[in-house]
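>>> can you look at this prediction? I've put the sequence above it.
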Amino acid sequence: MSLRITTATLHRTALSGLQENLSQLQRLQDQLSSGRQISRPSDSPVGTSTALALRGELRATQQHVRNAEDGLHWLGLADDTLTGMLGDVGRARQLVLAGRNATASPTDRAAMAAEVDAIRSAMLDAANASTLGRPIFAGTADVAAAYERSTGAYLGNTADDVDPGPVGKVERQVAAGVTLRVNLTGPEVFGSQEGGARDLFGVLADIAAHLRSGDTAALDADLGALDARVDGMQQQLATVGARYHQVDSMRDRAERQLLSLTQGLSSVEDIDLHKTIVDLQLQEVAYKSALSATARVIQPSLLDFLR
Amino acid sequence: MSTFFGLNLALRALNAQRQGLDVTGHNIANINTPGYSRQRVQLAAVPGQVVPVLHSQWKGSGAGVEVAGIDRLRDTFVDARAHREHAVDSRLRQSQQILSQVELGFAEPSADGMGTLLSDLWAAWGDVANAPTEPSTRAQVLVRAETLASGVDAARGQLSNMWGSSVEHLRAVVADVNSASTRIAELNAAIRTMTTSGASPNDLMDQRDLLVSELARSVGATARPADDGVLDVFVGGTAIVRGDHAEQLAVTAPDAIDGVAGAPVQVRWAKDGFGASIADGTVGGLLRATNVDLPGVRGAFDDVARSLVDQVNALHRAGYDRTGAPGGDLFAWDPATGMDVVITDPSRLAASSEPPAGGPPPTPSVDGRNALGLAALASAADGPDSAYRSFILSLGVEVQAVDRQVQIQAAITDQVDALQQSESGVNLDEELANLVAFQHAYSAAARHLTAVDEMLATLMGTGLVGR
């Protein structure tokens, strides 16, 4: 279609071309100064949705790392406590063996009983180890200590790994859908107190009493019970070690995932710096050409040539 | 043939060429005037005597040139197309402007948007799950819940404000339309007077066409020429200007965005209260924004907020707080006031999922399983985060679609404007060439006059006849 061109048409074409170039320049400048290629959802709706999802997942994974580290703290404390206590129990065992010996005099046995009492107190204190005001062997009971200091009665609640309920379990979420238990309750480690059964502290109390009374037969039974309790503690120590290893590897996995999520987010949201700089330079050249063309077109008119 | 026939002829030529120069000068003077249509003298040769008389016969030449009229070069069909395209363009640009503002208000994707506020809340619940007896972690949950609730309320308030200012803008545009239509009616009256008296009211028509274009951009008006140079203007099929009479429009709107469902924003005729069916133009765009777009976005956002409140409350009610009582609602939702945090005491946050046991009195459990459940909403497949993402996605797609439509329409509008300019615009080179042509013709006619004058002088002045 042959169009008659007027002065106004030339002006308008030139101006709209310059505007187009300038708006491209501004977009690139925006991208370079913010470092992001998506500044609003309409720039890339799908990219925005992906970025939001990645940000949410990133935050959740950071929380998982925190949870895992808190869990490792609990498990580490249990590990240290139990290791120390096993050392003490060894000493108590020696005292029992010495006390069973017929050559021990009542004075000696009284002294041994006192030492066993002291060991029992120390172990009760160790069993009341706490972190942030919560005793680590009390399960989920709201108590100040796991064991009553004077009587050795257990104050917390019991847990059962078979039962899926939350009673007695301290749990940490270390990945989406993965929750790990990071505690042990007193009865699980030191023996149950239910139905008149003797746990570790009960056995130690009895040992002290039997040393004082010199009841050798009872001491033999006590020795057997003590060994059984020590086996239990060692088993639980192994469990703690295994759980620690598990939580540690989950924490490592979460940290690796943090890295890959950050990379993914960057690839969606951030600009490719080199490409954008090259685009900016190309756009500048285009703008300069448009300016030069405009200058050439709008300046000359017939006036320049009329006498 | 009269003696002074030649003089008359030359005089006619001078007049005609001078008028041609005047019109060319008028065109050059108005080269940058918006809405100006170029004008052209219509020159017609004056014939000699045409009607034969009984004892007289005309054997001479024609009697010169006269200006039959001054044409205004304007294509009404292209004008009608331009009105339509500009109306659609205005509507789309108005929609784009409002939706862009809405989109920017949500500030996604960034570290300041609501997505981050949600993530903060879930992380705070995660910390409570790690230390249910710590008052500081519980207080943090309350603070973050408050921040989230005020973020939701702020977004709703922003949409409400945008709606209010759009209604104000609508009223202002309709007021402008009313004054423009009154002015068009006045111009129609003046043009009719001039046309019936034989003059060429070209510049008044240009003014009127400019106002009609403005009406087309505002309300999608169309124009139909009537007798005597009058232009009738129609909006949605009803005449807003007929001859020298103009109608007025009025806006009826509810007080707040919530009232749109029952009483939509409408533009009515002031004379009878009937609704004016306006689909295009700025007013069309504003009506669409205030009746459909903004309430739609707010409704979708309300759905996201409501589902968040419901899901959190459902989990919270299933748990037990630090005092051993069952957890109540954490959030409250009211369509008028938005989202609120109901709990103020950190110990009332239900972190535990086990009722108090043992006793008497029963002691509360300090497990954190309910808090874990709340924290796990972060990754839930149909949880609040996912609903919010879908909302932002559909908002982004809507804005992207309008952006594309605006670009396409801008290209069409530019093309129609170029057609209009091609017909009515002033080309400086053309006018300068015309200037030269008329100038030469004037000089030649002046020369002719001088020649005739010399002849007459020879006849009457330097001769000896009659002395």
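Perfect, I can see it now.

>>> would you map the strands across the stretch 51-200 of chain A?
All strands of the stretch 51-200 of chain A, identified by DSSP state E, counting those that start in this stretch, fall at A:130-131, A:134-135, A:171-175, A:178-181.

>>> right, so those: which one is the most enclosed?
strand A:171-175 (a mean of 24; mean count of other CB atoms under 10 Å in any protein chain shown). All C-beta atoms are positioned from the backbone trio N, CA, C, and that covers glycine.

>>> starting at the chain centroid, how far to that one?
7 Å (CA atoms, centre = their mean, to the nearest Å).

>>> follow-up on the earlier one: looking at the strands of the stretch 51-200 of chain A, which is closest to B:L393?
With CB to CB, the closest approach to B:L393 among the strands of the stretch 51-200 of chain A belongs to strand A:171-175: 26.5 Å.

>>> one step back: would you turn the strands of the stretch 51-200 of chain A into CSV with mean pLDDT?
As requested, these are exported to CSV (pLDDT from 0 to 100):
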stretch, mean pLDDT
strand A:130-131, 90
strand A:134-135, 91
strand A:171-175, 93
strand A:178-181, 92
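
>>> could I get those strands as TSV with distance to chain B?
Below are those laid out as TSV (distance: least, CB to the nearest CB, whole Å):
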stretch	distance to chain B
strand A:130-131	9
strand A:134-135	6
strand A:171-175	6
strand A:178-181	6
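
>>> a markdown table please, covering the ones you listed and showing distance to B:D414.
Listed next are these as a markdown table, based on distance: least, CB to CB, whole Å:
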| stretch | distance to B:D414 |
| --- | --- |
| strand A:130-131 | 72 |
| strand A:134-135 | 72 |
| strand A:171-175 | 57 |
| strand A:178-181 | 60 |
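
>>> of all the ones you listed, which lies closest to A:T50?
Among the strands of the stretch 51-200 of chain A, if distance is taken as CB to CB, the winner is strand A:171-175, at 20.8 Å.

>>> partner strands of the closest one, with direction?
Strand A:171-175 has the following sheet partners, assigned by DSSP bridges: strand A:178-181 (antiparallel).

>>> which residue sits closest to A:L237 in space, ignoring its chain neighbours?
Computed as CB to CB, 6 or more residues apart in numbering or on different chains, the closest residue to A:L237 that is not its neighbour in sequence is A:L82, at 4.7 Å.

>>> that neighbour: what's it in contact with?
A:L82 is in contact with A:V189, A:M233, A:Q236, A:L237, A:V240, counting by CB atoms under 8 Å, 6 or more residues apart in numbering or on different chains.

>>> farthest pair within these?
A:M233 and A:V240 (10.3 Å).

>>> between these two, which one's more packed in?
A:V240 (24 against 19; other CB atoms under 10 Å in any protein chain shown).

>>> relative to A:Y147, how far out is the more buried one?
From A:V240 across to A:Y147, the span is 18 Å (CB to CB, to the nearest Å).

>>> ranges for the strands of chain B?
Assigned by DSSP state E, the strands in chain B fall at B:39-45, B:65-72, B:222-225, B:231-235, B:238-242, B:245-246, B:249-252, B:266-269, B:331-334, B:338-341.

>>> and A:S23, how many residues sit next to it?
A:S23: 10 neighbours (other CB under 10 Å).

>>> so it is in which element?
In the assignment (DSSP states H and E), A:S23 maps to helix A:7-34.

>>> what about that helix, near chain B?
Yes. Residues of helix A:7-34 contacting chain B under CB under 8 Å from any CB of the partner chain: A:T7, A:A8, A:T9, A:R12, A:S16.
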